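K.L.:
task: produce atomic coordinates for the following.
(one chain, ligands or ions: 4)
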Amino acid sequence: MPISLPAREPVKAPAATHCPYCALQCGMNVAAGTGGTGAVEITPRLDVPANSGGLCQKGWTAGELLTGGARLTTPLLHGEPVGWDEALDFVADRIRALQAEHGPDGVAVFGGGGLTNEKAYLLGKFARVVLGTSQIDYNGRFCMSSAAAASNRAFGLDRGLPFPITDLAEAGAVLLAGGNMAETMPPFVRHLTEMRRRGGRLVVVDPRLTATARLADLHLQPTPGTDLALALGLLHLAVAEGHVDAAYVAGRTNGFEAVATSVAAWWPERVERVTGVPVAQMRLAVEILGAADRAVILTGRGAEQHAKGTDTVTAFINLALALGLPGRPGSGYGCVTGQGNGQGGREHGQKADQLPGYRKIDDPAAREHVAKVWGIDPAEIPGPGRSAYELLDALGTPSGPRALLLFGSNPVVSAPRAGHVTDRLRSLDLLVVSDLVLSETAALADVVLPTAQWAEEEGTMTNLEGRVLLRRRALDPPPGVRTDLEIIQGLAVRLGDGTGGPRGAGGFPAEARAVFDELRRASAGGTADYSGITYERIAAETGVFWPCPGTGHPGTPRPFLDGFATPDGRANFVPVEHRPPEEDADADYPLYLTTGRVLAHYQSGAQTRRIAALNAVVSEAFVEVHPDLAERLGVSAGQRLRVVSRRGETEGVARVNPAIRADTVFMPFHWAGANLLTNPALDPVSRMPEFKVCAVRLERVG
Ligand SMILES: Nc1nc2c(c(=O)[nH]1)N[C@H]1C(S)=C(S)[C@@H](COP(=O)(O)OP(=O)(O)OC[C@H]3O[C@@H](n4cnc5c(=O)[nH]c(N)nc54)[C@H](O)[C@@H]3O)O[C@H]1N2
Ligand SMILES: Nc1nc2c(c(=O)[nH]1)N[C@H]1C(S)=C(S)[C@@H](COP(=O)(O)OP(=O)(O)OC[C@H]3O[C@@H](n4cnc5c(=O)[nH]c(N)nc54)[C@H](O)[C@@H]3O)O[C@H]1N2
Ligand code: SF4
Ligand SMILES: [Mo]
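P.N.:
Ligands and ions are numbered 1, 2, ... in the order given. Below you'll find the predicted structure:
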C-alpha cells in the first residue's frame, strides 16, 4: 500500500546541531550550499559544554559524505537499482514467507548506537509489534555493555557519566583505565587539561603510551587483560594505606566487608607479577587518588572489552566506592560511552532484553506499561532474544533466524571473529541493510535501502553525560533517499495488519517528533524517564539530562547525589575475582593482540574511509610493534607483517614504536582484518566479546 511521506520544509538558515560520530556529540553549525557550491560548511558551536568551540578532524570533515558521490541514492535489489515500492514489497513478501515457514523468530533485527532515540525506539517496536520477533539486538553490546552491567549492579542505574562533563575540571585526580580520548574524543581532553591546570592529577592505565597517556602525571602500562587484577591491587593498597572513607562506606553502601576480605590476597607484589605494573607505580596511583578531595575513576573500552569486562569495571567501582566517590559533587565513577547515541541507544528497546525507558522485557509491570502505549496485549510482546554476537553466530543455522534487517552497523568489519560472522550473513535467505554508503555488509545484502543522514533529519541523541540533545535538519536528503523512520514505516505498513491502527501506519509515524512524543510516554516511570523532555526544552536549555519525569522537572545532571537507584538507595560492593584472558599467549601464538582506534577513522570505517582528507592521514591497517620485538623478527618500519590467530590471519604495515609493550601488538579495527583475528569469547553477564585481547603470532610477508 503506497503511503504519503511527510512534507519537507525547504531549509535555509544554518542549523545548530551535533556531529554524526562519537558520544561527545560536539555541537556544530551546519550551513548548506554555502556560496552556491553545494558544499556544506561546518563550524563548532560555543554553547555546548562538551566541546565549547572544539571539533576533531572527523567532525570538521563530516560534511563531505553529505554531498560527495560515495553515498547510495537508490534502493538496490540483488545489486540492481530499483524503485522504493519494488524494494519494500520484495522485503515484505520474503519476510512473510520466511515467517510462515520458520515462525516469528525466523526474522531478526540488528540496530546501532548511532541511531537517534526515535529510530532505536521505532526499530524495537517494529521488531516486537509487527514482526513479533524476540531476535533483536545491536552493536552497543560490543561497546559499553560491560560498564552498563557493572553500573546497574552497583548503582541500580547505568548512565555513562552520572555527572556533567564539566565536573571533571573540578576533580583533584582522575584515573582513566583503558581510554584514549586524545584520539577518540579530542575535545574531551580540554576537561582533563583544565583539571590539571587547576592542580589535579591524571593517571592513565593503558598497555600503550598513547597520546592520552602522554598527558598524564602517571602512566600504568599493564599487560592487556589484567586490569581486574590491577584494580583489586589498588583497592588492597587503599585499604592498607588507610584511604577508605569509612563514614561514606557505612552511610551509603552495602557489602564492603566481603570485598575488603576478597582483596586481601591481592598484595602489591602479586599484582605486579600478574599485570607487569611496578609496585611503586601502584602505590603512587593510590596516593594520588587518596589525597584528592574530589576524584573520578573512568573506564573506556580498553578495560571493558573483555570476557571479564563486567567484573573489571565492578572492581574499579569497588575502588571508587571505598574511596567514597560516587554521588559526591565533582567525584564519581563514569564510563566514557562511545557511539553518537551509545547512551540513548541502550535505553529505548533495541536491546534483546529491554523495553523503552530502560525497562526489563521480562518484568510484567514493564510489559504491561509498554503494551498499553503500543496498543497491544502484554502477552504479545516476545521475551528476551539473543545478544549481538550470539545472534550473528546463529544466523542461517537450523535453529537461528533466516533473515536479518540491519540498521546502522557494519559487522563484516566490526564483529569479533568477523570471517565466521561473514559466513553466517552469507548463509541467510534474506539480508536487508539500511545504510548511507555501500558498506562491506551492505555489499552482501539482497536489498540495500539508502537512508538519509544526520544533517538531513531531526531527532534526539543522548550524549555520554546522559544529556538529551537535538539533531536538526540543515539540508534536504538527495532525491531517492528516505529516512530510517520512513523505511520502518514503509515496512510496518506492508507487514502490519493493513489498518491505520497500532499495527499499521498509525503505530509507526515517520515524523521524528511524533515518535519522540510516543517514546516519552513509553519511557514514563521507567529508569530512563524522558517524559518531561520536549524538543522545545532541549533547544532552550541546550540539552536535558534524564531522568526527567514530567515537564516541570528540571532534569537530573547528577542522579546519585541524594541516593543510588537501588531499592535501599545504597550502592552495592560486589566481590569479583581476577582470571586470565580467555586465550592466553603460548608457544604457537606468543603475543597479545589488542585493538582500538586512531583519530582519523571512525569504527568500521564505512564513513571515514570514504573521506579523502581522513584517508590521507591513515589509509590502511597497521600493526604497532615494539622495537625489541621488531628486531627479534627482523622487521623494520613500513614492512608488511602477517598477523595470525587461531581464527584467521590478516596483513598490515609495521609501525615500530617504543610506546607499546614488547609482548603486545596493536591493530586498529577500522579496516577489515583485525576482526578476522579477534576472539568472540563473551562476558557471562554483559555478553561483551573479548575485543581487547587474544593470542597471535607475527610473520614477515615475502
Ligand atoms: N577516532 C575515533 N574516535 C572514536 C571512535 C572511533 O572509531 N574512532 N569510536 C567511538 C566509540 S563507539 C567508542 S566505544 C570510543 C572508544 O574510545 P576508547 O575506549 O578511548 O578507544 P579504544 O581505542 O578502543 O581503546 C582505548 C585504549 O584501550 C587500550 N587498551 C587495549 N587493551 C587494554 C587493556 O587490556 N587494558 C587497558 N587498560 N587498556 C587497554 C588501547 O591501547 C587504547 O589506547 O571511541 C569513540 N570515538
Ligand atoms: N576489534 C575491535 N572491534 C570492535 C571494537 C574494538 O575496539 N576492537 N569496538 C566495537 C565498538 S565499541 C563498536 S561501537 C562497534 C562499532 O562498529 P559498527 O557497528 O560496524 O559501527 P559503524 O562502523 O559506525 O557502522 C555504522 C554503519 O551504519 C551506517 N550509518 C551511520 N548512521 C546511520 C543511520 O543513521 N542509519 C543507518 N541506517 N545507517 C547509518 C554507517 O554508514 C556504517 O556503515 O565496533 C566494535 N568492534
Ligand atoms: S570528538 Fe566526536 S563528536 Fe566531537 S567532532 Fe570528533 S567525532 Fe565528532
Ligand atoms: Mo563503541
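K.L.:
alpha carbons only for contacts and neighbour counts from here, please
P.N.:
Noted.
K.L.:
whichever residue of the stretch 151-300 of the chain sits closest to ligand 3 and D158: what is the separation?
P.N.:
In the stretch 151-300 of the chain, no residue comes nearer to ligand 3 than M185, which is 3.9 Å away by Cα to the nearest ligand atom. From M185 across to D158, the span is 21 Å (Cα to Cα, to the nearest Å).
K.L.:
which one's more surrounded, these two?
P.N.:
Legend: neighbour count by other Cα atoms under 10 Å for M185 and D158, higher for D158 (26 against 23).
K.L.:
what about the closest residue to V277 other than its chain neighbours, which helix or strand?
P.N.:
Spatial nearest neighbour of V277, chain neighbours left out: P222 (5.5 Å); criterion: Cα to Cα, 6 or more residues apart in numbering. For P222, there is no enclosing helix or strand under DSSP states H and E.
K.L.:
my read: P222 touches D206, true?
P.N.:
Yes: using Cα atoms under 8 Å, P222 is in contact with D206, at 6.5 Å.
K.L.:
which of those two has more residues huddled nearby?
P.N.:
Shown here are P222 and D206; by other Cα under 10 Å, D206 has more neighbours (25 against 21).
K.L.:
ok, now how distant is that one from ligand 4?
P.N.:
Remark: distance between D206 and ligand 4 (Cα to the ion, to the nearest Å) = 17 Å.
K.L.:
cool, R597 as well?
P.N.:
Where ligand 4 is concerned, R597 sits at a distance of 10 Å (Cα to the ion).
K.L.:
what pLDDT does the model give that residue?
P.N.:
We have a pLDDT of 98 for R597.
K.L.:
what sits against it?
P.N.:
Shown in contact with R597 (Cα atoms under 8 Å, 6 or more residues apart in numbering): 183-184, 603, 668-670.
K.L.:
neighbours around V205, how many?
P.N.:
The tally of other residues near V205 (other Cα under 10 Å) stands at 27.
K.L.:
all strands for the stretch 501-650 of the chain, in order.
P.N.:
Secondary structure of the stretch 501-650 of the chain (DSSP state E, counting those that start in this stretch): strands at 544-545, 571-572, 591-596, 622-625, 640-644, 649-656.
K.L.:
show me what the fourth one is packed against.
P.N.:
For strand 622-625, the packing partners by 3 or more Cα pairs under 8 Å, 6 or more residues apart in numbering; DSSP states H and E come out as strand 649-656, strand 664-668.
K.L.:
okay, now the sheet partners of the longest one, with direction.
P.N.:
When pairs are called by DSSP bridges, strand 649-656 turns out to pair with strand 622-625 (parallel), strand 640-644 (antiparallel).
K.L.:
that strand vs strand 664-668, what angle?
P.N.:
110 degrees (axes from the mean of the first three to the mean of the last three Cα atoms, to 10 degrees).
K.L.:
got the CA coordinates for the lowest-mean-pLDDT helix or strand in the chain in PDB?
P.N.:
In the chain, the helix or strand scored least confidently by mean pLDDT, DSSP states H and E is helix 64-67, which has a mean of 91. Taking Å, rounded to 0.1, in the frame of the first residue of the first chain, the C-alpha atoms of helix 64-67 are listed here in PDB:
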ATOM      1  CA  GLU A  64      31.900  15.500   2.800                       C
ATOM      2  CA  LEU A  65      29.700  12.500   2.900                       C
ATOM      3  CA  LEU A  66      26.500  14.600   2.600                       C
ATOM      4  CA  THR A  67      27.400  16.000  -0.800                       C
END
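K.L.:
only the buried residues of stretch 488-502, if you could.
P.N.:
488-496, 502 (16 or more other Cα atoms under 10 Å).
K.L.:
quick one, what contacts the closest residue to ligand 4 within the stretch 101-250 of the chain?
P.N.:
The minimum distance from the stretch 101-250 of the chain to ligand 4, using Cα to the ion, falls at C143 (3.9 Å). Counting by Cα under 8 Å, 6+ apart, C143 makes contact with 301, 305, 337-339, 342, 688.
K.L.:
where's the dip in pLDDT among those residues?
P.N.:
Lowest confidence among the contacts of C143: T337, with 92.
K.L.:
for L175, see how far away that residue is.
P.N.:
For T337, the distance to L175 (Cα to Cα) stands at 16 Å.
K.L.:
of those two, which one has the most company?
P.N.:
T337 (28 against 24).
K.L.:
what secondary structure does the more buried one sit in?
P.N.:
T337 falls in the coil class when you classify it by DSSP: H, G, I helix; E, B strand; the rest coil.
K.L.:
surely it is in contact with L298?
P.N.:
No: using Cα under 8 Å, T337 is not in contact with L298; the gap is 10.3 Å.
K.L.:
contacting residues for R655?
P.N.:
Each residue near R655 by Cα under 8 Å, 6+ apart is listed here: 622-625, 637-638.
K.L.:
and which of those residues is nearest V313?
P.N.:
Closest to V313 out of these is E624 (26.5 Å), distances taken as Cα to Cα.
K.L.:
mind listing what that closest one touches?
P.N.:
Applying Cα under 8 Å, 6+ apart, the residues contacting E624 are 654-657, 660, 665-667.
K.L.:
buried ones from those residues, can you make that a PyMOL selection?
P.N.:
Buried subset of the contacts of E624, written as a PyMOL selection, criterion 16+ other Cα under 10 Å:
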select buried, resi 654+655+656+657+660+665+666+667
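K.L.:
closest to ligand 3 among the contacts of E624?
P.N.:
After measuring these against ligand 3 - Cα to the nearest ligand atom - the closest member comes out as M667, at 19.8 Å.
K.L.:
quick one: that closest one and ligand 1, what's the gap?
P.N.:
Separation of M667 from ligand 1 (Cα to the nearest ligand atom, to the nearest Å): 9 Å.
K.L.:
ok, that residue to L641 distance?
P.N.:
Distance of M667 to L641, computed by Cα to Cα: 11 Å.
K.L.:
give the residues shared as contacts by these two.
P.N.:
Common neighbours of M667 and L641, using Cα under 8 Å, 6+ apart, are V623.
K.L.:
wait, a helix at G124?
P.N.:
Yes: counting by three-state DSSP, G124 is found in a helix.
K.L.:
which residues touch it?
P.N.:
136, 348-351, 355.
K.L.:
which members of those residues are the farthest-apart pair?
P.N.:
Using Cα to Cα, the contacts of G124 span at most 12.4 Å, a distance reached by I136 and H348.
K.L.:
of those two, give the one with the bigger neighbour count.
P.N.:
Neighbour totals were compared for I136 and H348, and I136 leads with 30 against 27 (other Cα under 10 Å).
K.L.:
ramachandran angles for the more buried one?
P.N.:
phi -140, psi 130 (degrees, to the nearest 10).
K.L.:
now it: closest residue in space, sequence neighbours ignored.
P.N.:
V109 (4.6 Å).
K.L.:
tell me what the helix or strand hosting the one you found is packed against?
P.N.:
Using DSSP H and E, V109 falls within strand 107-111. In this structure, strand 107-111 packs against helix 84-102, strand 136-138, strand 403-407, with contacts taken as 3+ Cα pairs under 8 Å, 6+ apart.
K.L.:
kindly reformat these as TSV containing distance to L55.
P.N.:
Shown next, in TSV, are the helices and strands packed on strand 107-111 (distance: least, Cα to Cα, whole Å):
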stretch	distance to L55
helix 84-102	37
strand 136-138	27
strand 403-407	26
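K.L.:
mind checking how far T61 is from N29?
P.N.:
Noted for T61: a distance of 13 Å to N29, by Cα to Cα.
K.L.:
which one of these two is surrounded by more residues?
P.N.:
Ranked by neighbour count (other Cα under 10 Å), T61 and N29 place N29 first, with 21 against 18.
K.L.:
give me the pLDDT value at the more buried one.
P.N.:
At N29, the model reports a pLDDT of 96.
K.L.:
do the same with P10
P.N.:
On the pLDDT scale, P10 is placed at 51.
K.L.:
do L425 as well
P.N.:
At L425, the predicted lDDT confidence score is 98.
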